[in-house]
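One predicted model, sequence on top.
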Amino acid sequence: MAFPEPEVGLVVSFSYLWSDEAAAGHVEGRKARPSAIVMAVQHDEERPPQVAVVPITHSPHSDPEAAIEIPPRVAEHLGLDSDPCWVVLDELNVFTWPGYDLRQIPGHAGRYDYGFLPPKFFEALVRRIAELRQAGRIEATSRDADA
């Protein structure tokens with residue numbers, strides 16, 4: 001199976017690199033985790049798109065304003081486990097699609113995506129990210145090898 005098209009709202013399996021790991025000199029995330037594409041920009045047809053993803057985690061964020069809990073029905077729709085999980089919104093990984101860090105979903109050979117977030121939930125994420133960005137509270141980590 002080929003990589004999916006990088007569309008906003010799509011949740012992919014990605015080796016997410018947290019900003020504190022990047023600051024410590026790590027170049028790869030500790031594990032693959034679901035991550036939602038929140039930006040996909042195609043500059044021109046000759047170059048692949050630039051993508052930004054936010055991580056999904058089971059750990060509650062220390063700042064409740066910088067994360068949104070995923071409703072159980074949305075988690076079920078995506079095929080995530082039943083434990084509570086949050087989308088972290090104050091840090092992003094940015095990379096050229098498909099990059100080196102997409103991972104296959106465990107138990108689903110050749111599949112890299114969990115599906116799409118529902119539109120209303122995704123719109124709430126984007127609004128909150130915009131608010132955090134305006135407040136200067138977003139940290140972006142480049143995952144491109146040449147960065």
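Yes, it's here. It should be emphasised that the depicted structure is a prediction, and the values quoted were computed from it without experimental measurement. Numbering: from 1, shown residues only.

Name the surrounding residues that touch stretch 124-131.
36, 38, 54, 65, 68, 87, 89, 117, 138 (CB atoms under 8 Å, 6 or more residues apart in numbering). Quick note: C-beta positions are derived from backbone N, CA and C, even for glycine.

Now list the buried members of those.
With burial judged by 16 or more other CB atoms under 10 Å, the buried subset of the contacts of stretch 124-131 is 36, 38, 54, 68, 87, 89, 117, 138.

farthest pair in these?
Farthest-apart pair in those is Leu117 and Ile138; separation 18.8 Å (CB to CB).

What residues of the longest helix seen in the chain count as buried?
Secondary structure of the chain read by DSSP state H shows that its longest helix is helix 119-134. Neighbour-count burial for helix 119-134 flags 121-122, 125, 128-129, 132 (criterion: 16+ other CB under 10 Å).

Figure out how far stretch 138-147 is from the centre of its chain.
13 Å (CA atoms, centre = their mean, to the nearest Å).

And the contacts of that stretch?
Applying CB under 8 Å, 6+ apart, the contact partners of stretch 138-147 are 17-19, 22, 52, 89-96, 99-101, 129, 132.
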